[in-house]
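Undergrad: Predicted structure and sequence below. I'll ask about it afterward.
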Amino acid sequence: MLLLGLLLLLPLLATARLLWGWWMLRTLHLPPLVPGFLHLLEPNLPFYLLGLTQKLGPVYRLRLGLQEVVVLNSKRTIEEAMVKKWVDFAGRPQTPSYKLASQDYQDVSLGDYSPLWKTHKKLARSALLLGIRSSMEPLMQELTQEFCERMRAQASAPVTIYKEFSLLTCTIICYLTFGNKEDSLVHAFHDCIYDLLSTWDHWSIQILDIVPFLRFFPNPGLWRLKRALKRRDHMVREQLRRHKESLMVGECRDMMDYMLQGLRKHNVEEGSAGQLLDGHVHMATVDLFIGGTDTTATTLSWAVMFLLHHPEIQQQLQEELDRELGPSASDSWVQYKDRARLPLLNATIAEVLRLRSSVPLALPHRTTRPSSILGYDIPEGMVVIPNLLGAHLDETVWERPHEFWPERFLEPGAHPSALPFGCGARVCLGEPLARLEIFVVLMQLLRTFTLLPPAGALPSLQPQPHSSISLQVPPFQVRLQPRGPGVPGLGDSQ
């Protein structure tokens with residue numbers, strides 16, 4: 001009887017909330033509203049949202065269940081909000097799933113904007129950029145060479161490259177964060193991350209953020225998520241315990257050491273106000289794994305897929321690498337600071353990131369105070385979604401926006417910049433690490449192998465259709481044909 005009463009109450013509550021929202025906003029000049037409330041069920045949501053701009057323009061509102069959001073679909077509107085008016089749009093919505101996953105917002109990615117959040121982000125970013133700067137690139141080169149040797153041992157057999165990339169990126173982050181690349185640790189964190197991501201992505205979790213009171217009903221998906229989070233937190237706490245027990249003042253073996261030392265220094269200088277806690281180091285570590293494993297592996301997989309479809313560009317890339325480094329695979333490489341020596345490789349990476357940003361809708365923002373975009377009023381507390389795909393396919397900015405055309409980034413003179421990692425105060429924390437990984441891995445992969453489709457069958461370039469915010473690469477395999485003296489090149493294998 002109680003359950004029946006609650007079910008009858010739901011439509012009344014939804015109607016009351018909509019009427020109250022309409023009454024409060026009646027005097028504002030708001031963006032146009034898209035009819036309906038089941039938009040989250042659309043396959044390939046970023047493309048769907050971009051398609052709505054044909055009738056409504058680059059700024060509009062829509063309802064995701066009971067929640068009303070504003071969507072920005074052009075480079076101009078995203079930069080106006082996130083760069084020019086960044087303080088207005090720097091907040092994060094405080095949703096049930098965010099609170100559950102982020103230890104009550106002790107988190108850089110999901111935490112709301114505040115002075116303590118700024119300090120937390122500064123600590124994590126310093127650990128990433130300064131704490132291990134001297135060792136990061138050589139370490140990445142070493143792990144990538146080991147990866148290529150493992151792939152070489154498979155003797156041109158078809159490889160599920162996404163899985164291999166995800167293990168590689170997880171290994172890199174384990175080594176950078178914990179100073180440990182043991183297979184058992186890497187596989188434990190890898191399995192934990194993907195269990196967590198697949199559980200979070202399920203509709204039974206996504207719906208809690210748009211219809212929050214459903215969290216009071218039995219939900220097997222929510223139970224699975226809590227178990228995955230408990231496992232995650234246990235593993236990170238164990239690493240924190242080990243690092244704190246062996247920490248030596250002034251010595252930083254890895255990023256966790258750097259953050260723990262930075263935490264102590266900050267709290268001594270700041271006193272009791274605005275203190276950082278162990279939980280902040282814990283969640284910064286979680287951010288690095290969640291944000292730096294699947295997303296980078298997905299981008300690398302899209303790069304391989306585009307090069308399978310464009311063998312002429314792959315051959316040009318290999319010729320560029322051979323000119324700079326010689327035709328045989330050796331221990332030499334182009335350092336990231338000298339990446340201008342490989343202009344086509346840089347252009348190809350930029351084009352992959354433009355067309356297939358792994359998280360094209362970024363994470364939702366929330367207005368911290370009343371603001372405006374293109375003359376439309378945006379009230380305080382409004383959830384705002386920047387559709388980065390809209391910025392990257394904006395016909396007013398890009399020539400032939402839907403084509404894979406790396407040469408657009410080689411043309412003389414100024415060219416527009418893409419926003420694959422977002423922009424402004426909420427730009428992705430791991431952008432420098434991700435760009436370095438993509439550069440190093442693709443350089444070594446193309447220098448060592450020719451990428452060929454299995455049995456001549458090209459995989460689809462269409463993202464997996466599902467009701468998620470990401471553009472996940474469809475399952476595919478690739479043959480990695482070793483290059484070197486006496487080994488046929490790309491042109492000979494066709």
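TA: In hand now; what should we look at? Everything numeric here is computed off the predicted structure, so don't read it as measured data.
Undergrad: Just confirm P96 contacts D209, I think it does.
TA: Yes - proximity of P96 to D209 meets the contact threshold set by Cβ atoms under 8 Å, at 6.3 Å. Heads up, the C-betas are built off the backbone N, CA and C, glycines and all.
Undergrad: which other residues reach stretch 392-401?
TA: With contact meaning Cβ atoms under 8 Å, 6 or more residues apart in numbering, stretch 392-401 is reached by 50, 74-76, 354-355, 357, 360, 391, 402, 408, 416, 418-420.
Undergrad: neighbour-wise, which of P96 and D209 wins?
TA: The residue with more neighbours, out of P96 and D209, is D209; 21 against 15, by other Cβ atoms under 10 Å.
Undergrad: Now intersect the contacts of stretch 392-401 with the helices, please.
TA: Judged by DSSP state H, helices contain the following of the contacts of stretch 392-401: L50, K75, R76, R354, L355, A391.
Undergrad: what's the distance between the last one and L410?
TA: Yep, that's A391 we're talking about. Per Cβ to Cβ, to the nearest Å, A391 is found 21 Å from L410.
Undergrad: cool, and the third one?
TA: Using Cβ to Cβ, we find R76 at a distance of 25 Å from L410.
Undergrad: now do the fifth one
TA: For L355, the distance to L410 equals 16 Å [Cβ to Cβ].
Undergrad: if you count what's nearby, which of those two comes out ahead?
TA: Using other Cβ under 10 Å, the more surrounded residue of L355 and L410 is L355, with 22 against 14.
Undergrad: Might you report the residue contacts of the more buried one?
TA: W302, F306, H392, H402, F404.
Undergrad: Could you say which helix or strand holds H234?
TA: Per DSSP states H and E: H234 is located in helix 220-246.
Undergrad: Quick check: buried residues in that helix?
TA: Within helix 220-246, the residues scored as buried using 16 or more other Cβ atoms under 10 Å are G221, L222, R224, L225, A228, L229, R232, M235, V236, Q239, L240, H243.
Undergrad: Does the third one touch D201 like I think?
TA: No - when contacts are counted by Cβ under 8 Å, R224 is not listed as touching D201 (11.6 Å).
Undergrad: host element of E68?
TA: Using DSSP H and E, the element containing E68 is strand 67-72.
Undergrad: Counting by contacts, list what that strand packs against.
TA: Under the contact definition 3 or more Cβ pairs under 8 Å, 6 or more residues apart in numbering; DSSP states H and E, strand 67-72 sits against strand 59-64, strand 383-386.
Undergrad: Kindly tell me how buried G274 is, as a neighbour count.
TA: 14.
Undergrad: these two touch, right, it and H120?
TA: No - counting by Cβ under 8 Å, G274 sits too far from H120 to count as a contact (9.8 Å).
Undergrad: Kindly format the C-alpha coordinates of stretch 141-150 as CSV.
TA: C-alpha atoms of stretch 141-150 as CSV (Å, rounded to 0.1, in the frame of the first residue of the first chain):
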residue,chain,number,x,y,z
GLN,A,141,58.9,5.5,-23.0
GLU,A,142,60.1,2.4,-21.0
LEU,A,143,56.6,1.1,-20.4
THR,A,144,55.6,1.7,-24.1
GLN,A,145,58.6,-0.1,-25.4
GLU,A,146,57.7,-3.1,-23.1
PHE,A,147,54.2,-2.9,-24.5
CYS,A,148,55.4,-3.0,-28.1
GLU,A,149,57.6,-6.0,-27.3
ARG,A,150,54.6,-7.9,-25.9
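Undergrad: Surely N346 touches R339?
TA: Yes - N346 is in contact with R339 according to Cβ under 8 Å; the separation is 5.7 Å.
Undergrad: Find residues that contact each of these two.
TA: Counting by Cβ under 8 Å, 6+ apart, the common neighbours of N346 and R339 are F439.
Undergrad: what stretches of this protein score poorly on pLDDT?
TA: Applying pLDDT under 70 to the chain picks out residues 1-26, 104-105, 131-134, 267-273, 328-331, 413-414, 467-469, 485-494.
Undergrad: As CSV, could you dump the C-alpha coordinates of the helix or strand containing R435?
TA: R435 is part of helix 431-448 when elements are defined by DSSP H and E. The C-alpha coordinates for helix 431-448 follow below in CSV (Å, rounded to 0.1, in the frame of the first residue of the first chain):
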residue,chain,number,x,y,z
GLU,A,431,45.3,16.9,-19.8
PRO,A,432,49.1,17.2,-19.7
LEU,A,433,49.5,13.5,-18.9
ALA,A,434,47.0,12.4,-21.5
ARG,A,435,48.6,14.4,-24.3
LEU,A,436,52.1,13.0,-23.4
GLU,A,437,50.8,9.5,-23.3
ILE,A,438,49.0,9.7,-26.7
PHE,A,439,52.1,11.3,-28.3
VAL,A,440,54.6,8.7,-26.9
VAL,A,441,52.4,5.6,-27.5
LEU,A,442,51.5,6.5,-31.1
MET,A,443,55.0,7.5,-31.9
GLN,A,444,56.4,4.2,-30.7
LEU,A,445,53.5,2.1,-32.1
LEU,A,446,53.7,3.5,-35.6
ARG,A,447,57.5,3.3,-35.6
THR,A,448,57.4,-0.4,-34.6
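Undergrad: list the buried ones in that helix?
TA: Neighbour-count burial for helix 431-448, counted by 16+ other Cβ under 10 Å, picks out 432-448.
Undergrad: Which SSE is immediately downstream of it?
TA: Per DSSP H and E, the first helix or strand lying C-terminal to helix 431-448 is strand 449-452.
Undergrad: chain center to that next one: distance?
TA: 26 Å (Cα atoms, centre = their mean, to the nearest Å).
Undergrad: Who are the packing partners of it?
TA: Applying 3+ Cβ pairs under 8 Å, 6+ apart, we find strand 449-452 packed against helix 133-152, helix 294-309, helix 311-325, strand 478-482.
Undergrad: 6 Å instead, please
TA: Judged by 3 or more Cβ pairs under 6 Å, 6 or more residues apart in numbering; DSSP states H and E, strand 449-452 is in contact with helix 294-309, strand 478-482.
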